[in-house]
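**Student:** What follows is a protein structure lacking sequence information:
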């Protein structure tokens, strides 16, 4: 209150009295703030180096990472002598020295992988032998980003155990490890009004480090009750449980499969500035890199600039110049799932809810002449109250979109499969109704279509399009093959099937929305419908040949009136 001037004028001296009472009760934040108030590096008139060091050491002992950083600043400024017991660089040929060198090399590899972030620590890594194992301390570790943000991790402690038989030089092909992460971290950035504190209850951090390929296998990080918040309470993130795993599985030669996963439950995010609260029951990501040439990839990382954009450009250029039989990677896949999403605004109430959602991406057979890319997006139980109030059309509550591409080298030719399914449409009031509400610029539409057809024709591609829509008591299924053909009048040859169940309902709705008599729609359609069709299902077989001639159920297409549509003048 007195320190920030909330409800009372700023009074550092009075604030100090209250903080000292809290510090006697071993209150971490109060003890740390007293250390900063008395710090000779800050502008307060209560500067006192001895008191500052006293409180900062006490706060560091209580687990304050911010206090550890402040102590390092005092050491760098010469107010504190360097610790005599600070770890030294060890003989790299000794058992402990090999571990120290291994960790130093491992941190370099991790930094190369992180791109745009750097893991640093204070002084040398401390390694002590304990029987056949090694107790390791990485003092006052922190992650620094290219944007100037720092994530203070505190001192990291690990227990390392050699795995398998020693090699002739005394080293091992792999080392098992178990870590003890600090339960409190701190995020500092000039772009943040307040430092962000991260607290959690770590359960397990373990895995195996493969020395020859500089990668983790059997890695698992598990924690509960993870919270991120600032002292002003304007930003908050909470996660009930979090589990991350990664593996490195030897495939053949220098190639490895690397599966990884990330799962979180009971997610709560709050922003006071935006007035938004987001709740998620669970979220999970599973992915795998297949057949990665790990030595080549690591060489590429080490030779690239630290800038992630430059790294991406270098990677794409490398993949472009590779021969199909010698790709750096054979395939990749990723699956993301989310359940129980709810977004609520403090004033406007619920903005969106989602029962389930999923997103799949897969690339495979990249080392072969014919390879495949597939993408699937699906969701169930989508609710958007605010959108439905102002509805301008249709809002799908359940949907699935699938895109698959098969191609030959250079993308000179290929096949595209696009499949969509929409069910449970929620309808709102149309923005415009009545005759003449919808107009189209036909020349412009034709021009856009011809450009698209030319692109397909140049690529020699084929599009297999399938979709299904359920709405207004009717179901529409479409399946079509579009084959690019440079000799065709429109650049494409089409064979398609359209099936509509309950199409009578659609005719009624179309007549009502378009303001046209029902007979204007049913009359022209009757020419293409089998008169013996008694099951209420509309079945249309559509073909377009090279000349551009279109037939429906064997009859040449004539102009069909569309409800409410008029040709452009």
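**Tutor:** Everything's here; your move. From a predicted model like this one, the values you see are computed outputs, not experimental measurements.
**Student:** OK, contacts around the closest residue to residue 340 other than its chain neighbours?
**Tutor:** Spatial nearest neighbour of residue 340, excluding adjacent residues (Cβ to Cβ, 6 or more residues apart in numbering): residue 281 at 2.8 Å. C-beta: built from backbone N, CA, C; applies to glycine. The contact partners of residue 281, taken as Cβ atoms under 8 Å, 6 or more residues apart in numbering, are 265, 266, 267, 339, 340, 341.
**Student:** Repeat the analysis, applying 7 Å as the threshold.
**Tutor:** 265, 266, 339, 340 (Cβ atoms under 7 Å, 6 or more residues apart in numbering).
**Student:** Go through stretch 200-208 and flag the buried ones.
**Tutor:** Of all the residues in stretch 200-208, those buried under the rule 16 or more other Cβ atoms under 10 Å are 200, 202, 205, 207, 208.
**Student:** Distance from the chain centre to that stretch, please.
**Tutor:** Chain-centre distance of stretch 200-208: 22 Å, with Cα atoms, centre = their mean, to the nearest Å.
**Student:** try stretch 337-357
**Tutor:** Mean C-alpha position of stretch 337-357 versus that of the full chain (Cα atoms, centre = their mean) differs by 18 Å.
**Student:** and it, how far apart are its ends?
**Tutor:** 6 Å (Cα to Cα, to the nearest Å).
**Student:** just stretch 523-538 next, same as before
**Tutor:** 14 Å.
**Student:** Mind telling me the two of the contacts of residue 281 farthest from one another?
**Tutor:** The span of these, defined through Cβ to Cβ, is set by 266 and 339 at 11.3 Å.
**Student:** one step back: the residue nearest to residue 340 belongs to a helix, doesn't it?
**Tutor:** No - the assignment for residue 281, made by DSSP: H, G, I helix; E, B strand; the rest coil, is strand rather than a helix.
**Student:** Show me where the stretch 451-569 of the chain has its helices.
**Tutor:** Counting by DSSP state H, counting those that start in this stretch, the stretch 451-569 of the chain has these helices, from start to end: 503-514, 519-526.
**Student:** Tell me the helices and strands packed up against the longest one.
**Tutor:** If contacts are counted by 3 or more Cβ pairs under 7 Å, 6 or more residues apart in numbering; DSSP states H and E, helix 503-514 sits against strand 474-484, helix 519-526.
**Student:** For residue 65, list the residues it contacts.
**Tutor:** For residue 65, the contacting residues are 152, 154, 182, 184, 185, 186, by Cβ under 7 Å, 6+ apart.
**Student:** Filter the residues you listed down to just the ones in strands.
**Tutor:** 152, 154, 184, 185, 186 (DSSP state E).
**Student:** Can you name the residues that contact the last one?
**Tutor:** Spelled out, that is residue 186. Counted by Cβ under 7 Å, 6+ apart, residue 186 has contacts 65, 66, 152, 195, 197.
**Student:** Which members of those occur in helices, if any?
**Tutor:** The helices, defined by DSSP state H, take in 65, 66 from the contacts of residue 186.
**Student:** so which of the helices of the stretch 451-569 of the chain is the most packed in?
**Tutor:** Greatest average neighbour count among the helices of the stretch 451-569 of the chain goes to helix 503-514 (a mean of 17), per mean count of other Cβ atoms under 10 Å.
**Student:** Next, the angle helix 519-526 makes with it.
**Tutor:** 140 degrees (axes from the mean of the first three to the mean of the last three Cα atoms, to 10 degrees).
**Student:** got the angle between helix 503-514 and strand 474-484?
**Tutor:** Using the same axes, to 10 degrees: helix 503-514 against strand 474-484 is 90 degrees.
**Student:** tell me how far helix 503-514 is from the chain's mean position?
**Tutor:** Averaging C-alpha positions (Cα atoms, centre = their mean) puts helix 503-514 42 Å from its chain's average.
**Student:** Just list the residues touching residue 239, thanks.
**Tutor:** Counting by Cβ under 7 Å, 6+ apart, residue 239 has contacts 226, 264, 266, 267.
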